[in-house]
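Colleague: Sharing a model prediction with you, sequence too.
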Amino acid sequence: MRYQHALMALGVLLLAAGCASTRPIVDVTDAPVVVSRGKQLSTTQVRDAIMRAGRSLGWQMTASDPGLITGRLDLRRHAAVIGVRYNAKTYSILYKDSSNLDYQNGQIHKNYHGWIENLDRSIRNELAAI
């Protein structure tokens, strides 16, 4: 009987972990700016590619400072705000703020990760197309 209770408790824990709606925030840090061999982009070209990538996915992208773009995505009642730091060699996508995404103690709703993965992929595609 004790064995059955232990198995049930383990099953409940595994089910709860699998259904968790939040995950730790993982920023994109110092992703390389990859271009054709022998080609080097200017920071302006990198900025423009990041802006195009974000806007194509519905992000409101604002070049707030040299080397920094602020992005905001509003979907239904949810919002995410990010900072994209960039130079001619690398870029980073960093969490800044959110609303209605269950942010707490470095954890955020799992959908946020998909949005960031899509943005990162779109940035890489825009850079490769230059």
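Modeller: That came through fine. Numbers count the residues shown, from 1 in each chain.

Colleague: what about the residue positioned nearest the centre of the chain, which SS state?
Modeller: What sits nearest the mean C-alpha location of the chain, by Cα atoms, centre = their mean, is I116, with 2.3 Å. For I116, the assignment made with DSSP: H, G, I helix; E, B strand; the rest coil gives helix.

Colleague: Spatially nearest residue to it, not counting backbone neighbours?
Modeller: I93 (5.8 Å; Cβ to Cβ, 6 or more residues apart in numbering). Quick note: C-beta positions are derived from backbone N, CA and C, even for glycine.

Colleague: Average pLDDT for whatever helix or strand that neighbour lives in, rounded please.
Modeller: Assigned by DSSP states H and E, I93 belongs to strand 90-99. The pLDDT scores in strand 90-99 average 98.

Colleague: going forward, begin numbering at 6 instead of 1
Modeller: All right, first residue 6 from here; so that's strand 95-104.

Colleague: residues contacting the residue nearest to I121?
Modeller: If you count contacts by Cβ atoms under 8 Å, 6 or more residues apart in numbering, I98 has them with D32, V33, A36, I87, G88, V89, I121, L124, D125, I128.

Colleague: contacts for stretch 101-118?
Modeller: 25-31, 75, 82-88, 100.
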